[in-house]
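**Q** Turn this into a structure:
(one chain, ligands or ions: 1)
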Amino acid sequence: MSIVDQTREGDVLVLTINNPPVNAFSPGVPEGLHAGLDAAESAGEVRAVVIIGGGRTFIAGADIKTFDLPREQAPDLRGFISRLDAFPKPTVAAIHGTALGGGLEVALACTYRVAVKDAQMGLPEVKLGVLPGAGGTQRLPRVVGVQKALEMMLSGNPIKATEAKDLGLVDDLVEGDLRSGAVEFARAHADARPLPRVSERTVTDAVPQVFGAARQGILKTHRGQLSPSLIVDLAEMSATQPFAVGWDSEARLFMQAKDSPQSRGLRHIFFAEREAGKVPGLTKDTPTTDVRQVGIIGAGTMGGGIAMNFLNAGLPVTIVETAQEALDRGLSVIRRNYENTAKKGRLTVEQVEQRMGLLTPTLNVEDLADADLIIEAVFENMDVKKDIFTRLDAVAKPGAILATNTSTLDVNEIASVTGRPEQVIGLHFFSPANVMKLLEIVRADKTSDSVLATCLALARKIKKVGVVVGVCDGFVGNRMIHRYGDEARKLVEEGARPQDADATMHALGLPMGPFEMSDMAGLDIGYAIRAHQAKVRGEPKPDGWLDRIVETGRKGQKTGGGIYDYDEKRRPSPNADVQKLIEDHRAEKGIRPREIGQEELTERLVYSLVNEGAKILEEGIAQRAGDIDVIYIYGYGFPAYRGGPMGYADEVGLKNVAAALEKHGQTPAPLLKQLAEEGGTFAAWDRQKGRG
Ligand code: T1G
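**A** Here you go, the predicted model:
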């Protein structure tokens, strides 16, 4: 089997691409396809060509790994597509699995497209910070109209083959065997002349306001990003310029987008989130438990949200509370969440009832005896958790996985009260647990490979991004965010206004800055954590300006105001009393406030994350810098186009990061200092560890 097989089916030549796992347009594929077209062109008896993917999918796009190759070494997708567009015989793209990016662009350059019903197709390039660079911006609008093309190219989301058929993007849906259906279709259209070339069509639905509306839309959906606006420009060209003009402009703008830090950031995250699910030593042969019954202890905000993830995946859940009232409240919150989703049309009433039908409420922990996985989601107190795990150890069946949803406590200590520490793990969901995609999978010292592999597979099943982390205070995400919060409070103590710090991080691309985030989470939570950490360190209770705000009773949005006041739409505005409290606090401490500019704010806030991340890597609490980036994108809203905190530091240059930390009186972590001196990057460190 070669990378592109040629098979004659009578007067039709079938070209089958064999480039597992997703038939990316890697080096060798264009060469094989050109050879196939050469054979089809020279053989007079060949009247049509079918292009089909071997294995599970059609072409899933250009090979993203080749984006940074020198131009002459990168597969020439545009060259192949130009030839295909002018090919003198009918060509049929036979689509199954996914036809994405360059894959759909190849299909669009064929004269016909056929697909099986469950195939999907789209142009996801915007998710990589680039744009369809092999004709997609010019051909797709010519087939589905510019409005639908803009929707597909800006969302990057695929559509189903059935919708594609309705749109005319697919000429036929093949029942049964795709290959033979495609050959039959090719033969039936072998004499069609003139050949229906997409590049010769014109866009029929363009109205000027479409592009203005699209430009307005991306200001919100893709704030700060480059490639979406280039996509709109190119879509406009497809409707106002000859094909050749749009085709040439597309090449130029593609290179501009591809060479941008944003594309480097997004491509880093594309691979990092796939690496994050890999753990050295775990293979597909690692035994796992088939989790069919889930138990959850605690029907509060977290327990209820966690339960919904498993109900959504069709898994029965038994949920335990200590009092009927709490149980009833928990269930009504879950039902209300589903009903709200149904009101938005994202669930049917039947689906709501089906999910609720999988949920069994109880006051008896003994009812968890058959559960394969039990997740504790109760009050963040070690004694309470130890008591629960002691009881679970007595109730749970042999082999059941016992998981804690603790956000900071020592999972080893919790495991120590059971007789089965190898079955104990941390599953740290992020609130709201039924929405946030991040799941920190906390591997305790004795957690078995089988339990770890089971939880990684379960994360995928419930559509979470599972990242394996080690045991320490705050694991990875929260440990770093605590340092970030420390730095943010210091900046205000030194003279910055809270709203300046928040505006800076919003400008960087985060949905909100440190203080809006604290007000949303509840200031009393941070207050309790700081008090706990001071106690653990044997230090006096903290008395910072933020602690004093909490002590006035202002706990954030939940009390109507914290650092900020909030209007009925929860928009923040500065509060004069808070500002005075901050000024008084500075005076009491003898601090003369100074102006602090955006550059210093950005450096100190972001690099506080980076520096703690470097320490976490040194301690082995995170396997990769890429894992930390994935955690920050899916758990804290760090913009993926910045590559996550560690990816951002690589882009800035670790030498510059280390220098900035020192300039601001911080000590770079040894790993950061070492990489800075060597001219290294976190990404290279990951690769060198065989982990990236
Ligand atoms: N290039 C290189 N490797 C790829 C790849 C790609 N396009 N797509 C997937 N892989 C690798 C991935 O890293 C993983 O590797 C393995 O394949 C399985 O992927 C000119 C410029 C197709 C829906 O953006 O959306 O065309 O971890 O775990 O869950 O206009 O992969 O096994 O070592 O995701 O079954 C446009 C990206 C490119 C599609 C399958 N195409 N891929 O999902 O498997 S840009 C894309 C996906 C482009 C042109 C432009 C998904 C998938 P490893 P996986 P999956």
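**Q** contacting residues for Tyr566?
**A** Tyr566 is in contact with Asp519, Gln557, Gly560, Pro572, Ser573, counting by C-beta atoms under 8 Å, 6 or more residues apart in numbering. Backbone N, C-alpha and C define where each C-beta goes, glycine included.
**Q** Just the buried positions in the helix or strand of the chain with the lowest mean pLDDT, please.
**A** Scoring the helices and strands of the chain by mean pLDDT, DSSP states H and E places helix 523-536 at the bottom, with a mean of 89. Judged by neighbour count using 16 or more other C-beta atoms under 10 Å, the buried positions of helix 523-536 are Leu523, Asp524, Gly526, Tyr527, Ile529, Arg530, Gln533.
**Q** which residues in the stretch 201-350 of the chain form strands?
**A** For the stretch 201-350 of the chain, strands defined by DSSP state E, counting those that start in this stretch occupy the ranges 294-297, 317-320.
**Q** Let me have these in JSON lines, extended by mean neighbour count.
**A** Formatted as JSON lines, those follow (neighbours: other C-beta atoms under 10 Å):
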{"stretch": "strand 294-297", "mean neighbour count": "28"}
{"stretch": "strand 317-320", "mean neighbour count": "25"}
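**Q** Need the phi and psi values for the residue of the stretch 301-450 of the chain found nearest the ligand.
**A** Nearest to the ligand, among the residues of the stretch 301-450 of the chain, is Lys437, at 14.4 Å (C-beta to the nearest ligand atom). Main-chain torsions, Lys437, degrees, to the nearest 10: phi -80, psi -20.
**Q** so it touches Ile462, yeah?
**A** No. Counting by C-beta atoms under 8 Å, Lys437 stays clear of Ile462, with 9.9 Å between them.
**Q** the more surrounded of those two?
**A** Ile462 (20 against 16; other C-beta atoms under 10 Å).
**Q** Show me how this protein divides into domains.
**A** 4-259, 294-469, 496-589 (automatic domain parsing).
**Q** Quick check: end-to-end length of the last one?
**A** In domain 496-589, first residue to last residue: 15 Å (C-alpha to C-alpha, to the nearest Å).
**Q** Can you name every helix or strand that the helix or strand where Ala40 lies contacts?
**A** Element membership for Ala40 (DSSP states H and E) is helix 29-42. Judged by 3 or more C-beta pairs under 8 Å, 6 or more residues apart in numbering; DSSP states H and E, helix 29-42 is in contact with strand 4-9, strand 12-17, strand 48-53, helix 77-85.
**Q** I'd like the ones you listed laid out as CSV, including mean neighbour count.
**A** Shown next, in CSV, are those (neighbours: other C-beta under 10 Å):
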stretch, mean neighbour count
strand 4-9, 17
strand 12-17, 24
strand 48-53, 26
helix 77-85, 20
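**Q** For Ser249, find the nearest of the ones you listed.
**A** helix 77-85 (12.8 Å; C-beta to C-beta).
**Q** Out of the buried residues of helix 523-536, which comes closest to Gly477?
**A** Ile529 (13.4 Å).
**Q** Wait, Met237 touches Gly246, no?
**A** Yes. Assessed by C-beta under 8 Å, Met237 is found in contact with Gly246 at 4.1 Å.
**Q** neighbour-wise, which of those two wins?
**A** Counted by other C-beta under 10 Å, Met237 and Gly246 do not tie: Gly246 has more neighbours, with 25 against 22.
**Q** about what we covered before: could you tell me which residues touch both of Lys437 and Ile462?
**A** With C-beta under 8 Å, 6+ apart, Lys437 and Ile462 have no common neighbours.
**Q** circling back to that earlier point, how about residues contacting the least confident helix or strand of the chain?
**A** 408, 473, 482, 485, 518, 540-542, 544, 546-547, 549-550, 554-556, 562-563.
**Q** one more time with 10 Å
**A** 380, 407-409, 473-474, 478, 481-482, 485-486, 489, 514-515, 517-518, 522, 539-544, 546-551, 553-559, 562-563 (C-beta atoms under 10 Å, 6 or more residues apart in numbering).
**Q** Buried only: go through these for me.
**A** Buried residues within the contacts of helix 523-536, counting neighbours by 16+ other C-beta under 10 Å: 380, 407-409, 474, 478, 481-482, 485-486, 489, 514-515, 517-518, 522, 544, 546-550, 554-557, 562-563.
**Q** The ligand contacts on this protein?
**A** With C-beta under 6 Å from any ligand atom as the criterion, the chain meets the ligand at residues 21-22, 24, 60-65, 77, 98, 100-102, 105, 124-125, 128, 130, 132-134, 136, 271, 274.
**Q** Write the ChimeraX selection for whichever of those residues are buried.
**A** Only the buried entries of the residues of the chain next to the ligand go into this ChimeraX selection, using 16+ other C-beta under 10 Å:
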select :22,24,60,61,62,63,64,77,98,100,101,102,105,124,125,128,130,132,133,134,136
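**Q** Check what pLDDT the residue of the stretch 251-400 of the chain found nearest the ligand gets.
**A** At 4.0 Å from the ligand, Arg274 is the closest residue in the stretch 251-400 of the chain, using C-beta to the nearest ligand atom. As predicted, Arg274 sits at a pLDDT of 92.
**Q** what secondary structure does the residue of the stretch 451-600 of the chain found nearest the ligand sit in?
**A** Closest residue of the stretch 451-600 of the chain to the ligand, C-beta to the nearest ligand atom: Arg460 (8.7 Å). Assigned state for Arg460: helix (three-state reduction, DSSP: H, G, I helix; E, B strand; the rest coil).
**Q** was I right about it contacting Ala453?
**A** No. Taking contacts as C-beta atoms under 10 Å, Arg460 lies outside contact range of Ala453: 11.2 Å.
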